[in-house]
Every structure is written in structure tokens, then in C-alpha cells.
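**Student:** need a structure here:
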Amino acid sequence: MQENINPIVVGRIGGVYGVRGWLKIESHTRPKENIFTYSPLLIHIDSEWQQVKIEEFQQRGNDRLLIKLKGINTPEKAREYVYCELALEQEKLPTLTEGEYYWHDLIGLEVYNQDQINLGKIKNIVETGANDVLVINKIGENKIETLIPLVMGVYVKRVDLIDKTIFVDWLIEE
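**Tutor:** Residues are numbered from 1 along each chain as shown. Below you'll find the predicted structure:
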């Protein structure tokens with residue numbers, strides 16, 4: 001498959017399950033079972049993205065997600081795919097409504113507070129029980145990491161994907 005695609009990682013294969021080639025997966029989607037709705041899925045193996053066909057999938061309890069990939073019928077063959085990332089082409093993501101953003105759209109944006117002070121760039125977003133949290137890094141004399149709850153309208157005031165900026169209501173401790 002061509003390498004010039006822009007894949008969005010939506011999960012990872014975590015291990016082998018059973019004797020028929022099933023695989024445990026870790027989903028980065030929300031809700032996590034949404035990973036089963038994306039098609040076609042891509043897998044990163046042998047340094048390239050390849051399309052895979054899901055033969056079957058299951059959710060066991062609240063935590064365990066399982067997939068059976070077409071052509072993989074033994075635990076030995078399935079083991080070759082453990083720790084591989086699962087992705088889809090960015091164009092296959094569902095369209096969001098105004099004011100909704102995918103995490104990959106926010107990572108890398110410059111963050112400014114209400115006093116127009118540059119707090120740094122969004123390095124990561126962490127999922128917590130209450131709400132997601134922006135992890136902002138400012139590289140300078142001292143590397144500063146700022147954590148800001150991703151609560152639209154409260155802490156996050158405006159997102160501008162065109163200018164690659166996000167404006168927050170956040171005071172800097174001096």
C-alpha cells in the first residue's frame with residue numbers, strides 16, 4: 001500500500017487470544033467499540049501500512065475487544081501482528097459538527113491565554129475520568145508543562161485550526 005497516505009492511529013494489537021488466530025486489541029476510539037465501525041482498517045507491519053479485512057469481532061465484557069483478521073487462523077500467525085498499530089485513512093473519519101475536534105487536530109496547536117501569553121504547544125491529550133486534559137509544553141529556559149482541562153467554553157475559549165492556535169482562560173503562576 002502507498003506510504004503517502006495520512007493514517008490516523010485508532011488502536012493497537014495487544015496480544016493473541018485463543019487457538020484460532022484471534023487478536024486482542026486496544027482501542028483509542030470513543031466509545032472503544034467504535035473501532036469496529038471503521039473500514040477499511042490499516043495495519044502497520046513490515047514498515048508499511050497494509051489494508052486488513054476483519055472477518056469477525058467481539059466485545060467480551062466491558063474491557064476486552066477481539067478481532068479475527070481474514071487469513072490468520074493460528075496463534076503462531078497471529079503473533080506476527082502483536083504490537084502493530086491499527087489505523088484508518090483520515091478521509092474515512094466521520095465528519096464532526098461545529099465545535100467538535102479530533103485529538104489529532106489539536107495536537108501541535110499553539111496555546112495562548114486571555115493575556116495573549118504563549119503557553120506553548122499541545123503535546124498530548126490525556127483522558128481522565130472527569131474530562132480530557134491538554135498537555136502543553138513550552139520549551140525555553142526551563143521546560144514548562146502545563147495541564148489544562150479540555151472543557152469547551154470554560155477553559156478552552158476558541159480553537160482556530162486555520163491559524164493553528166487555541167485560546168484558553170488560564171492564569172500563569174509567577
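
**Student:** where along the chain do the helices fall?
**Tutor:** Counting by DSSP state H, the chain has helices at residues 75-79, 103-106.

**Student:** which stretch among those helices comes nearest Glu48?
**Tutor:** The closest of the helices of the chain to Glu48 is helix 75-79. By C-beta to C-beta, the value is 18.5 Å. Bear in mind the C-beta positions are built from the backbone N, C-alpha and C, glycine included.

**Student:** From the contact counts, what lies against that closest one?
**Tutor:** Under the contact criterion of 3 or more C-beta pairs under 8 Å, 6 or more residues apart in numbering; DSSP states H and E, the helices and strands touching helix 75-79 comprise strand 7-17.

**Student:** From the chain's centroid, how far away is the strand it packs on?
**Tutor:** Strand 7-17 has its average C-alpha position 11 Å from the chain's average C-alpha position, going by C-alpha atoms, centre = their mean, to the nearest Å.

**Student:** buried sites along it?
**Tutor:** By neighbour count, with 16 or more other C-beta atoms under 10 Å as the criterion, the buried positions of strand 7-17 are Pro7, Ile8, Val10, Gly11, Arg12, Ile13, Val16, Tyr17.

**Student:** returning to what we had before: just put the helices of the chain in JSON lines and tack on mean neighbour count and mean pLDDT.
**Tutor:** JSON lines is the format used below for those (neighbours: other C-beta atoms under 10 Å; pLDDT from 0 to 100):
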{"stretch": "helix 75-79", "mean neighbour count": "15", "mean pLDDT": "97"}
{"stretch": "helix 103-106", "mean neighbour count": "16", "mean pLDDT": "92"}
